[in-house]
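# how would this look folded up:
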Amino acid sequence: MDGPGPGPGGAPRSGAEGTVHGAPPGAALHGADAVPPGGSGNSDGPGGPGESRTSSVGLPVAPGAGGEASDTGRGRPYAGGSGGDAGPDGEAGPRHAAPRASGQERYAPAPGARRWERVVLGTPAAHVEPKPPPADPYRPDTIFDGWSSPGLTVRLASVRGDQHRFGGPPRQDDVVVAWHEPTDRVVFAVADGVSSAPHSHIGAALACRTAVNDVLAQLAQERSEPDWTRVLQAAAYQLVMRVAGGREPGERDRAEAARQLATTLVTGTVAARDDGRMDVTVVRAGDSSAWCLHGGGYHALLHDGSAEDGDISSTAVVALPRLLPRTRPITYTLPADSVVLVGTDGFGVPLGDGSGPVGEIFAGALQDGPPEPRMLAHLLDFSRETFDDDRTLLAVWSRRAPRGGPR
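Okay, here's the model as predicted:
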């Protein structure tokens, strides 16, 4: 969770904005998926602990239009291609087939670029040859994964930032995703270890695994919805128990866990309806976030809150094992042709409102369907001056579409 700082070797950095190439226009929603002007899409529920704010297709207004024309081969190494896959006789089938064979990929490298050359957006960061991270526990520099359930397709990637590659600390982000087969729900957790905590990478791993396991355990009890307060409390407790070593923890253990293992956490579920729309529930502790990518625009699913309000969705870094008093999950029903994105601030900060080159390249790569898992990791490792934090991104697509619907 490091903010922009000096470049590797102490080199001074330029402004965080850099050069913008081809910001896409914001896209309005249409038909049943439209949002009334000024609608926020997530009105408060009754407001007690564990109560949710629910919206049917609750998408905030898309970012404003504008931006320069795109520079060919700069800031956009992958070009958009064809849409999805239809069933026999024009009938809508699963929206995403298996990855395309070589020569049929939806995206291709920019002219003159080597296929796996690092993507450069605006002014590149200084080249860094990664130093080895600590060996125990083993933390790879980069991870990626991808799979499909009957209703959903998942892609995820997590990469070590240049600051950690240069200095030697491990990747402090983590991500865990699982499938609950009886309900065809994807259960996820994304964590961003606090940079000042020396073992926050362990805290991030513990928080993700505990949160996903607790949600799966509650769903196995045939609960309609998990108790999200319990989920966050379970994750926080595991961090404290790591310090306490099995004994009943006290305040000193809690303080030491916060000093050694502090981490943010976003956790939740995604389920696909028969008509392709996705029901999404998210809750967080800290400043990681989630978005809906739809029509080329990024719609924030978690909004800034006030720590004084006791809202767990506040972007104030109230990292685990500390918790704010109230845990309020937020629930959305999103369009069938949208993409659910969950990421750490290493992705969210350079993304901004989605109108710059980072938003453009990810919209081009993701909005028409899932890329190869390694392609997401390649994109996520883009080079852009002043942005050197670890980056983690989870993307989820619906595989179902109504007859005659999108793709």
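# so where is the protein shaky, pLDDT-wise?
1-113, 304-317, 401-407 (pLDDT under 70).
# Skip ahead from the longest helix along it and say which helix or strand is next.
Counting residues, the longest helix in the chain under DSSP state H turns out to be helix 200-220. Moving toward the C-terminus from helix 200-220, the next helix or strand (DSSP states H and E) is helix 228-244.
# what is V282 paired to in the beta sheet?
Counting by DSSP bridges, V282 is bridged to G268, I330.
# quick one: A319 and A377, what's the gap?
Look at A319 and A377: by CB to CB, to the nearest Å, they are 26 Å apart. Placement of C-beta: from N, CA and C, glycine included.
# Can you report how many residues lie near F362?
26 (other CB atoms under 10 Å).
# which SSE is it in?
helix 357-366.
# Could you list the buried residues of the longest helix of the chain?
Counting neighbours by 16 or more other CB atoms under 10 Å, one finds that the buried residues in helix 200-220 are 200-215, 218-219.
# quick one on the thing from earlier: neighbour count winner among A319 and A377?
Between A319 and A377, counted using other CB under 10 Å, A319 has the larger neighbour count: 29 against 22.
# Chain neighbours aside, what residue packs nearest to that one?
The shortest distance from A319 to any non-neighbouring residue, by CB to CB, 6 or more residues apart in numbering, is to A262 (4.3 Å).
# List the contacts of V358.
L121, P350, L351, G352, F382, R384 (CB atoms under 8 Å, 6 or more residues apart in numbering).
# Next, the last one: phi, psi?
Reported as degrees, to the nearest 10, the phi and psi values for R384 are phi -150, psi 120.
# For it, give me its contacts.
G18, V120, L121, G122, T123, P124, A125, P350, P357, V358.
# now do the third one
Contacts of L351 were listed using CB under 8 Å, 6+ apart, and they are W291, Y298, G343, V358, G359, F362.
# Distance-wise, check it relative to D184.
Applying CB to CB to L351 and D184 gives a distance of 29 Å.
# same question, the last one
With distances defined as CB to CB, the gap from R384 to D184 amounts to 37 Å.
# For the stretch 301-407 of the chain, just list every one of the strands.
Ranges of strands in the stretch 301-407 of the chain, per DSSP state E, counting those that start in this stretch, are 330-334, 339-343, 391-398.
# Distance to D173 and mean neighbour count added to these, as a markdown table?
A markdown table is the format used below for these (distance: least, CB to CB, whole Å; neighbours: other CB atoms under 10 Å):
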| stretch | distance to D173 | mean neighbour count |
| --- | --- | --- |
| strand 330-334 | 22 | 24 |
| strand 339-343 | 9 | 26 |
| strand 391-398 | 4 | 27 |
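# want to try CSV for the ones you listed, with distance to A191 as columns?
Converted to CSV, the strands of the stretch 301-407 of the chain look like this (distance: least, CB to CB, whole Å):
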stretch, distance to A191
strand 330-334, 18
strand 339-343, 11
strand 391-398, 8
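# between these, which one is nearest to D141?
Closest to D141 of the strands of the stretch 301-407 of the chain is strand 391-398 (CB to CB; 11.8 Å).
# Quick one: work out the angle between that closest one and helix 357-366.
40 degrees (axes from the mean of the first three to the mean of the last three CA atoms, to 10 degrees).
# Partner strands of strand 391-398 and their direction?
strand 152-159 (antiparallel), strand 339-343 (antiparallel).
# Now tell me what touches the shortest one from outside.
It stands for strand 339-343. 188, 190, 266, 268, 270, 278, 280, 282, 288-294, 298, 301, 334, 351, 366-367, 391-397.
# same question, the first one
Among residues not part of strand 152-159, those counted as contacts by CB under 8 Å, 6+ apart are 96, 141-148, 171, 173-175, 177, 184, 186, 270-272, 278, 370-371, 373, 376-377, 380-381, 390-399.
# and it with helix 200-220, angle?
170 degrees.
# following strand 152-159, which helix or strand shows up next?
Next along the chain after strand 152-159, with elements defined by DSSP H and E, is helix 162-167.
# quick one: W397 and G369 touch, right?
Yes - with contact defined as CB atoms under 8 Å, W397 counts as touching G369 (6.7 Å).
# before we move on, the earlier item: ok, the contacts of L351 vs G161, which is closest?
G343 (13.1 Å).
# Any idea what the closest one is bridged to?
Note on G343: beta-bridge partners by DSSP bridges are S289, L393.
# With D136 as the reference, measure out to it.
From G343 to D136 the distance is 28 Å (CB to CB).
# what do you get for P169?
14 Å.
# of those two, who's got more company?
P169 (22 against 5).
# you'd agree the more buried one is up against P133?
Yes - between P169 and P133 there is a contact at 6.6 Å, judged by CB under 8 Å.
# Quick one: the strands in the stretch 51-200 of the chain, in order.
53-55, 142-148, 152-159, 173-180, 185-193.
# can I have the last one written out in PDB, keeping just the CAs?
This file holds the C-alpha atoms of strand 185-193, laid out as PDB (Å, rounded to 0.1, in the frame of the first residue of the first chain):
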ATOM      1  CA  ARG A 185     -21.300 -18.300  -6.300                       C
ATOM      2  CA  VAL A 186     -17.800 -17.000  -6.600                       C
ATOM      3  CA  VAL A 187     -16.400 -16.100  -3.200                       C
ATOM      4  CA  PHE A 188     -13.400 -13.700  -3.200                       C
ATOM      5  CA  ALA A 189     -11.100 -11.800  -1.000                       C
ATOM      6  CA  VAL A 190      -8.500  -9.200  -2.000                       C
ATOM      7  CA  ALA A 191      -6.000  -7.800   0.500                       C
ATOM      8  CA  ASP A 192      -3.300  -5.100   0.500                       C
ATOM      9  CA  GLY A 193      -0.700  -5.400   3.300                       C
END
